[in-house]
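**Q** Sharing a model prediction with you, sequence too.
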Amino acid sequence: MKGNIVVGQSGGPTAVINSSVAGVYSAAKKLGVKKVYGMIHGIEGFLEDKLCDLDEYIRGETDVELLKRTPSAFLGSCRFKMPKIEGNEEVYEKVFEIMEKHDIECLFYCGGNDSMDTVKMLSDYAAAHNKPQRFMGVPKTIDNDLPVTDHCPGYGSAAKYIATSIKEIIRDNESFGANRPTVCIVEIMGRNAGWLTAAAALAKGEDCHGVDAIYLPEKVFDIDAFIEKVRYLGSTKHSVVLAVSEGVKIADGRYVCELANENVLVDAFGHKQMSGTAAYLADKVAAETGLKARAVEFSTLQRAATHLASLTDINEAFQVGYDAVRAADAGKTGMMITLDRHGDDPYQCGTSAYDIHAIANVERTVPEEWITEDGCGLNENFERYARPLIMGELSPVMVNGLPGHLVRK
Ligand code: F6P
């Protein structure tokens, strides 16, 4: 590659999205790329020419290692939707103008469905206007809902945090015994895909009987049936723990969280901000059954817990960034790097580059045949799929008793 490159981060952060930036950076350095720029706050900041030179922050292997252990988007993120090309050519021309100004040959964008739409729009514009610049997608999302790729970097670590925390919650919930029966409802992110909520199933093992039910957004949520189930469980055992997706919807299409708050915020992509499902349901359980009910919303914690990240996930996040640069160096554009599973036991996974048009804006949900017949659990297919993704640990670099991070000043 003769010119420079730029890497950006977009959408909800993950515990390992910085590992992908580390992968992009490391591959570029290996290839002798002169400058690796970072977009400050994704394409939104890039349009305002807000860039940094990654060499200012990464001064050797130790910093690469620290970056891999740093949660959130090191470069800053955004939820910015590229407008349709027709009538908005000046927005696209601006991107190419800034690329030319900094001699940027290739743009790498780490993100989920919405961010892959940005890669698609920009690579389509380049193709239509004979522009030489290249655009590559680097997958990332805790939601695990990108199609084509076997799974998405960020998912394994969030799943590991969720399964670990659910185990701890179950331990705690059991502590008072029959004298004080408690229902705990745990709300998990993932929008319209239940992959993350399904990870609650991984808590079950020799030392843990697991959650009592799992409610995915793939299934219509029936509030009355839910209350009846909790009432029954509460009458037969003293500890009831339920995992509920933030995206569960009732039969008329409304999210449960909307029942508590009609004025939910909506982002540039039309996604409603979901929160409060567990709190709403816990209040309802307490009011209708008289049982003590508690709500736990993992919220930000599930995507920021780099201290408990999966080593498999960290390595794969690095690899997709690294391989995106290699693919671009080989002349590829308008593609996303996918993770391709070759085996479960032992787990083996490689990468390839896939046409962005088949990926952008498509949401992949949990297959129906992996959900148990009662609709409230996952079968062994899910365990076989997800277990390898949470394996391994990478010790944090502890400073004054806390994990150290690499920060942009
Ligand atoms: O896109 C990933 C995600 O973490 C979703 O699971 C969640 O609904 C959403 O982001 C939350 O976004 P924000 O942090 O912008 O509220």
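**A** Structure received.
**Q** How about stretch 364-371 and the ligand, touching?
**A** No - shown here: stretch 364-371 not in contact with the ligand (Cβ under 6 Å from any ligand atom), separated by at least 13.2 Å. Backbone N, C-alpha and C define where each C-beta goes, glycine included.
**Q** okay, that stretch in CSV with CA atoms only?
**A** The C-alpha trace of stretch 364-371 is given here as CSV (Å, rounded to 0.1, in the frame of the first residue of the first chain):
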residue,chain,number,x,y,z
ARG,A,364,-29.5,-12.3,11.9
THR,A,365,-31.5,-13.8,14.7
VAL,A,366,-31.3,-17.0,16.8
PRO,A,367,-32.4,-20.0,14.7
GLU,A,368,-35.8,-21.3,15.7
GLU,A,369,-34.5,-24.8,15.9
TRP,A,370,-32.1,-23.8,18.7
ILE,A,371,-34.9,-22.6,20.9
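**Q** what about that stretch, distance to the chain center?
**A** Distance, stretch centre to chain centre, for stretch 364-371: 18 Å (Cα atoms, centre = their mean, to the nearest Å).
**Q** try stretch 260-277
**A** On Cα atoms, centre = their mean, the centre of stretch 260-277 falls 18 Å from that of its chain.
**Q** How far does it stretch from one end to the other?
**A** Separation of the first and last residues of stretch 260-277 by Cα to Cα, to the nearest Å is 8 Å.
**Q** Let me see the ranges of the strands in the stretch 101-250 of the chain.
**A** Ranges of strands in the stretch 101-250 of the chain, per DSSP state E, counting those that start in this stretch, are 104-111, 134-139, 182-188, 213-215, 239-245.
**Q** Could you tell me which strands the fourth one is paired with, and in which direction each runs?
**A** Sheet partners assigned to strand 213-215 using DSSP bridges are listed as strand 239-245 (parallel).
**Q** so the partner strand versus strand 182-188, what angle?
**A** Calculated by axes from the mean of the first three to the mean of the last three Cα atoms, to 10 degrees, strand 239-245 forms an angle of 20 degrees with strand 182-188.
**Q** quick revisit: tabulate the strands of the stretch 101-250 of the chain (TSV), appending mean pLDDT.
**A** What follows is the strands of the stretch 101-250 of the chain, written out as TSV (pLDDT from 0 to 100):
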stretch	mean pLDDT
strand 104-111	98
strand 134-139	98
strand 182-188	98
strand 213-215	98
strand 239-245	98
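**Q** Go through these and name the closest to A225.
**A** strand 213-215 (10.3 Å; Cβ to Cβ).
**Q** which of the residues in that closest one are buried?
**A** Across strand 213-215, burial judged by 16 or more other Cβ atoms under 10 Å covers A213, I214, Y215.
**Q** Likewise for stretch 98-111?
**A** Within stretch 98-111, the residues scored as buried using 16+ other Cβ under 10 Å are I98, M99, H102, I104, E105, C106, L107, F108, Y109, C110, G111.
**Q** Quick check: of those, which lies closest to the ligand?
**A** Nearest to the ligand among the buried residues of stretch 98-111, counting by Cβ to the nearest ligand atom, is G111 at 8.8 Å.
**Q** For the residue sitting nearest the centre point of the chain, which non-adjacent residue is closest in space?
**A** The residue lying closest to the centre of the chain (Cα atoms, centre = their mean) is I142, at 1.8 Å. Leaving aside its chain neighbours, I142 sits nearest to A158 (4.0 Å; criterion: Cβ to Cβ, 6 or more residues apart in numbering).
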